[in-house]
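Enquirer: The following comprises the amino acid sequence and a computationally predicted model.
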Amino acid sequence: MTTTHFGFKSVDEAEKASRVRGVFDSVAPKYDLMNDLMSMGLHRAWKAYTLVVANLKEGDKALDIAGGTGDLALAFSKKVGATGQVVHSDINEAMLSTGRNRLIDEGVTLPTLVCDAEKLPFADNYFNLVSVAFGLRNMTHKDVALAEMHRVLKPNGKLLVLEFSKVAAPLEKIYDWYSFKVLPKLGKLVAGDDSSYQYLAESIRMHPGQAELKAMMHKGGFGHVDYHNLTGGVVALHVGIKC
């Protein structure tokens with residue numbers, strides 16, 4: 001049996017996707033509210049910065065992986081216009097459904113697709129931009145997913161990975177206290193689910209730090225990779241260019 005981590009637990013690789021699916025099935029109805037509460041609204045600034053770095057133009061094609069409730073996909077659609085294309089995708093149907101309904105409420109209809117980032121159903125060299133926000137850490141084989149993202153990008157296309165990362169040393173103690181003491185209680189109070197937010201805190205600690213993820217992206221085929229620390233490294237935006 002090949003094992004992988006699910007938070008701090010070791011599980012059979014074949015089980016991880018279904019366990020992650022269970023987490024997001026549970027949190028989908030309160031996902032946006034919890035994002036606002038647990039980040040004190042900062043997730044909106046992080047995504048706004050991601051949109052600026054994306055620098056999408058009219059007519060561009062973009063793929064939003066782990067697109068969830070659709071906030072980035074919606075923002076991207078306004079940049080690419082009627083001649084462009086934004087595909088809103090997620091492996092979790094409950095999250096995708098929540099996002100699709102939100103987009104429709106905004107008067108926006110996008111191609112919406114349940115798909116696994118490790119097996120993307122798109123042609124080679126198709127997208128100008130691929131983004132994955134707060135989703136890479138949940139993937140079983142991150143190296144496979146990054147190689148797939150590289151494959152579907154056009155030459156000179158851009159990958160944006162927005163993800164929780166390794167905080168600056170002076171913030172570690174307070175961040176650990178907040179992550180393991182406050183977040184699960186907040187999840188219990190608001191979403192009726194403390195275990196999913198305990199998993200969130202654990203999965204962040206198991207995710208590669210800034211330098212390690214940069215090396216993984218290089219190994220996945222990206223010629224130029226850099227990263228931008230946001231809020232003291234609580235989050236990092238990695239940018240990879242396909243040469």
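Expert: Everything's here; your move.

Enquirer: correct me, but Ser10 touches Lys16?
Expert: No: checked against C-beta atoms under 8 Å, the pair Ser10 and Lys16 is beyond contact range at 10.2 Å. Every residue, glycine included, has its C-beta placed from N, CA and C.

Enquirer: who's more crowded, these two?
Expert: Each of Ser10 and Lys16 had its neighbours counted (other C-beta atoms under 10 Å), and the higher figure belongs to Lys16 (19 against 10).

Enquirer: tell me the secondary structure for the residue nearest to that one when sequence neighbours are not counted?
Expert: Leaving aside its chain neighbours, Lys16 sits nearest to Thr140 (4.8 Å; criterion: C-beta to C-beta, 6 or more residues apart in numbering). The three-state label for Thr140, taken from DSSP: H, G, I helix; E, B strand; the rest coil, comes out as coil.

Enquirer: Next: Ser89.
Expert: Secondary structure, three-state DSSP: Ser89 is strand.

Enquirer: Across the sheet, point out what pairs with it.
Expert: Taking DSSP bridges as the rule, Ser89 bridges to Leu113.

Enquirer: In contact with the nearest residue to Asp116 once chain neighbours are set aside, which residues?
Expert: Using C-beta to C-beta, 6+ apart and skipping the chain neighbours, the partner closest in space to Asp116 is Ile91 (5.3 Å). Ile91 makes contact with Ala17, Val20, Arg21, Ala66, Val114, Cys115, Asp116, Ala117 under the criterion C-beta atoms under 8 Å, 6 or more residues apart in numbering.

Enquirer: give me the number of residues near the closest residue to the fourth one other than its chain neighbours?
Expert: Excluding the flanking residues, the one nearest Ala66 by C-beta to C-beta, 6+ apart is Gly135, at 2.4 Å. Around Gly135 there are 25 other residues, counting by other C-beta under 10 Å.

Enquirer: I'd guessed Gly135 sits against Ala117; true?
Expert: Yes: here Gly135 reaches Ala117: they are 7.4 Å apart, a contact under C-beta under 8 Å.

Enquirer: residue contacts, Met139?
Expert: Ala117, Glu118, Ala145.

Enquirer: And it, what's its pLDDT?
Expert: The confidence metric pLDDT takes the value 94 at Met139.

Enquirer: and what of Met217?
Expert: Listed pLDDT for Met217 reads 98.

Enquirer: now do the one 3 residues further on
Expert: Note for Gly220: predicted pLDDT of 97.

Enquirer: Need phi/psi at it.
Expert: The phi and psi torsions at Gly220 (degrees, to the nearest 10) take the values phi -80, psi 0.

Enquirer: OK, contacts around Ala54?
Expert: Here Ala54 is in contact with Ala62, Phe76, Lys79, Leu129, Ser131, Lys158, Leu160 (criterion: C-beta under 8 Å, 6+ apart).
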